[in-house]
Each structure stands twice: as C-alpha cells, then as structure tokens.
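Colleague: Fold the following.
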Amino acid sequence: MQRGIRAKLVRGCVALSAVSLIVAVLMAVDPEPAAVMLGITLGSSLSRSQLGHHGRERLQALGLLPLLGMATIGLGMLLQLQFVLGAAVYVLVLVGTVLLRQTGDLGRRFSSLAATSFLAVLFLPGGAGRDHGPVLAVVEPLSIAVFAWLVVTAVQLLAQRLTVLPSPARRPTVETASPTSPPSNSLRPSSTTRSALQLGVGLTLAFVIAAAGFGDHWAWVVLSAVIVAYLPRGRADAVSKGLHRLLGAAAGSVFALLPLATGPGDSTILVIAALSAIGIGLLLREVSYAAWAFGVTVALTLLDRLTGQPSPLIGMRLIEIAIGVTVGLLPVCLLLPVRTTDVVRSRLRPVLAAVAERLAAADPSAQAAAQRRIEADLRELDQAGASLQEAARALAIVRRPPPEGAQWVRNAHTIATAAIDSTPSAGDELSQAVRDARRALRDPAALGSALSVASRLAQR
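Modeller: Below is the predicted model:
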C-alpha cells in the first residue's frame, strides 16, 4: 500500500472513531434520525476542517459554530414556509460565504465550516429537535454542534499525542499575496469572485429546475449542484467531484434496495445498514469521494423510509442527481473558469517556502518544525491536485503525457522528500533551485522547468 493511501486511511479511521462516539451518544439521548444525521455530518466536516489546527484556530471554529447554527435553522424554516424567498436567501448566503474566502484566514475557515452546515439544510429540512417544540428546535442543533466539536477535538488531540496523527505545523503570522492573484491593473476578477459568480448562477438554475420539475423532491438537484460548485478547487476538481458524486450516488441508490426489501417495519436493519454505509464512506472519503457519496446516499435513502417520507423511484433520484451535477458544472466550466493548475500553483507556494526553511534550518527543533509544515502543506497540495492525478492515470492508459499540474505535484513531493532527508551532496544546489522555483511561481511555463531542475537535483 502506498504511503499516501495509508495516511488517508489513518485519517479516515480517526474521523470514523470521532463520529462513532457522537452517534453512540446521540442514539442514547435522542435517537431521532435528524439529530443523528446532523451529528454525523458535523462530525465528518469538523474531522476534515480541524485537522492540523492549533488551539486558537479550534476555538475560533467553536465560536463560529453557533452563528452557523442559527443561520441554518433560519434558512431551513424559510425554505419550508416561503420557498421562493428561502431559495433566494440561500443563494445569496452561499455566494457571500465564498466571497469571505478572500478576507483572510478567518473568512476561509468560516467558508469551510459553512459548507456542511448549509448542505444539511437541504437533506434535513425539518431540523433536529423540531418535533420537541420551538425551544429545542433551536437549542438541540446548537448543542449537537458544540458536542461534535468537543468529540472531534478530543479524538484528534489524543491521536496526535499517540503519534497516530502528526502534530500541527505552525503557520507564519504574516500572510503574503497569493501567486495566482491578478495584477492590480487586471480587469479579470479574482478566482474567488469567479467561483462566487459560478456558484450563484449554478444554484439559481438548480432551484428553478428543481422546483419546476421535481416538486417536493427538489433538494437532490440543489444538493448535487452545491457539491460540484461550492466545494471543489478549480474546474478539473469540480468535474472529478461531479463524476464521483454521480457514480457513488448510483451505487448507493441501488445498494439501498437491499435493506429496503426487508420491509418498512424492520427499522433496526435500516438503522444498521445506514450507519454501516456512513462508516464506509467516512473511512474511504479521502481515498475516493465516490465512497462518501455512496454512504450518504444509502443513509439518506433509508432515512426517507424511517421517517415515513415519500421516496421517489431510484431512477428518478439518479436523474435528479445527474441534473444537479450538470447544472452545477456548466457555469464552473464555461463561466470564467478557474483552472485547477492555478489552484495547484497557489498551494505550491507554502510547500516551497517550507522546503526552503527546512534546507536552511540548522538546529533540530527548527528542522522538525519545518518538516511538519512541509507535510501539512503537501496534504493541501495533494487535495488541490487530486483531480489532475486522476486525469494523469487516465491519460497513461492511452500513453499520453500527464497534465502539467500533476507533474508539478510529483516534482514537489520529490523535492520535499530530499529536503526532509537533507541530502548533503545536493544541499546548496537544491536550495538555489528551490529559490528559482519560488521566483517562477507567477509564470506557469517557467515554473515547470524550474521544478524539473530542482527535482533532478533532489534525486542525486
């Protein structure tokens, strides 16, 4: 097994452990499906967004969770009472959270946390605690959010103490401009502004098509559009997530027929099947997004039966998902698209900076700190370039060269490995090559050759 896949499975096991604890407590306290599913989604999201964060960053997330909770409660009620107004507010809120990414670390953290919360509005329209009165309709979701944060934080800190997860890397206190930021005299909007515009167009189309064509089952169209337009990093990542979403949902919809065939009265089998599917999705989420789409689709399909909601035919659900994916992808691919290679370039910047620090570090503590930064930044780079790596594997079948961004990621790993090992024979030359690569970040053509030179030096 490759080291990268092993690390992904380890992170999946840690996330699964945290979510299992959350589910166990919620099943004992309030076993209603909405509460349990909210705990699962928040636990899964926090397991990813809080990974590698320090105490201050974790406390900031805790402070943001109540704000997100109140916003999602209000959005859910508005969508139920005034659908058209609720849809308009939903689009504006999500576009606003995307624009917040360009305000700094806190804005990016808020946008990341908001993703799952606003997705939960779509597949949990009733909300946790809604059946217990207006007070618990507000208190219970907020309590579940805080509880999920506590469990995820405790499990991750324990995993770091046991060296199952690496310790978080300290970040520089001063943020510099991204290498992909447009020049001040450029009329082309920033990548964040373009992403917000794409999301607004895609979501608006999704709401209109879903309401006009699918009535009460509108949520699956909008949910799929949000996944491919809000979450991805660039055009290729959006296409990859769309395909994974479609394939995983198709497999999950078909698989859900097996427990459903046992009869509507056997709720125990349905609960076990739903939780097992979610567990598989959590474990394999970082290996393949299709696994997460599979688990969530199985769980939500069974949730419809458990709550007595009318469920559409499997074929109709797949049509809804396919339309949502298509509607979400069209503006991402055609309306001022954000190239995934540009996203990869922005993720290369901190990697190369950490490599330079590691090569220049003299004392062991500085070397260890730089190494932790390299490992954390490489994980971000791998996530940004995952879709390009998939494309490279597909092109290899027909003996075509990989996308340039995929080669950049491979070269970055080679350079980072050599920096961590501190090969003395190539130390000075490698340091100079890394400095050249950092200067070439603004020019994709020069960057490829600079990284190739550094990679060859690293392999000496």
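Colleague: tell me the mean pLDDT for the helix or strand that contains residue 352?
Modeller: Assigned by DSSP states H and E, residue 352 belongs to helix 340-360. Across helix 340-360, pLDDT averages out at 91.
Colleague: So which bits of it are buried?
Modeller: Buried residues in helix 340-360, counted by 16 or more other C-beta atoms under 10 Å: 340-359. All C-beta spots, glycine's among them, are computed from the backbone N, C-alpha and C.
Colleague: Could you list the domains of the protein?
Modeller: As assigned by automatic domain parsing, the chain contains the domains 1-167, 192-338, 340-458.
Colleague: Of those domains, flag the one that's most buried.
Modeller: Comparing the domains of the chain by mean neighbour count (mean count of other C-beta atoms under 10 Å), domain 192-338 ranks first with a mean of 20.
Colleague: tell me which strands and helices the strand or helix carrying residue 389 is in contact with?
Modeller: If you go by DSSP H and E, residue 389 is part of helix 364-397. Judged by 3 or more C-beta pairs under 8 Å, 6 or more residues apart in numbering; DSSP states H and E, helix 364-397 is in contact with helix 235-255, helix 340-360, helix 404-421.
Colleague: Tabulate those (TSV), appending distance to residue 213.
Modeller: Formatted as TSV, the helices and strands packed on helix 364-397 follow (distance: least, C-beta to C-beta, whole Å):
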stretch	distance to residue 213
helix 235-255	18
helix 340-360	31
helix 404-421	37
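Colleague: follow-up on the earlier one: from the chain's centroid, how far away is the helix holding residue 389?
Modeller: Relative to its chain's centre, helix 364-397 lies at 16 Å (C-alpha atoms, centre = their mean, to the nearest Å).
Colleague: Residue 367 and residue 355 touch, don't they?
Modeller: No - Residue 367 is beyond contact range of residue 355, at 11.9 Å (criterion: C-beta atoms under 8 Å).
Colleague: Which element is encountered next along the chain beyond the worst-scoring helix or strand of the chain on mean pLDDT?
Modeller: Every helix and strand of the chain was ranked by mean pLDDT, DSSP states H and E. The lowest is helix 257-260, at a mean of 70. Per DSSP H and E, the first helix or strand lying C-terminal to helix 257-260 is helix 267-284.
Colleague: tell me what that next one is packed against?
Modeller: helix 3-29, helix 33-49, helix 257-260, helix 289-306.
Colleague: got TSV for those, with distance to residue 219 too?
Modeller: Output for the helices and strands packed on helix 267-284, formatted as TSV (distance: least, C-beta to C-beta, whole Å):
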stretch	distance to residue 219
helix 3-29	22
helix 33-49	13
helix 257-260	19
helix 289-306	10
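Colleague: between the ones you listed, which gets the lowest average pLDDT?
Modeller: Looking at the helices and strands packed on helix 267-284, the weakest mean confidence is helix 257-260, a mean of 70.
Colleague: residues touching residue 357, list them.
Modeller: 366, 370, 373 (C-beta atoms under 8 Å, 6 or more residues apart in numbering).
Colleague: just those now: which is nearest residue 382?
Modeller: residue 373 (14.8 Å; C-beta to C-beta).
Colleague: Against residue 5, how distant is residue 241?
Modeller: Distance of residue 241 to residue 5, computed by C-beta to C-beta, to the nearest Å: 19 Å.
Colleague: Quickly find the element holding residue 338.
Modeller: Per DSSP H and E, there is no helix or strand for residue 338.
Colleague: Pretty sure it sits against residue 232.
Modeller: No - Residue 338 lies out of contact with residue 232 (C-beta under 8 Å); the separation is 9.1 Å.
Colleague: list residues touching both of those two?
Modeller: What both residue 338 and residue 232 touch, as defined by C-beta under 8 Å, 6+ apart, is the set residue 332.
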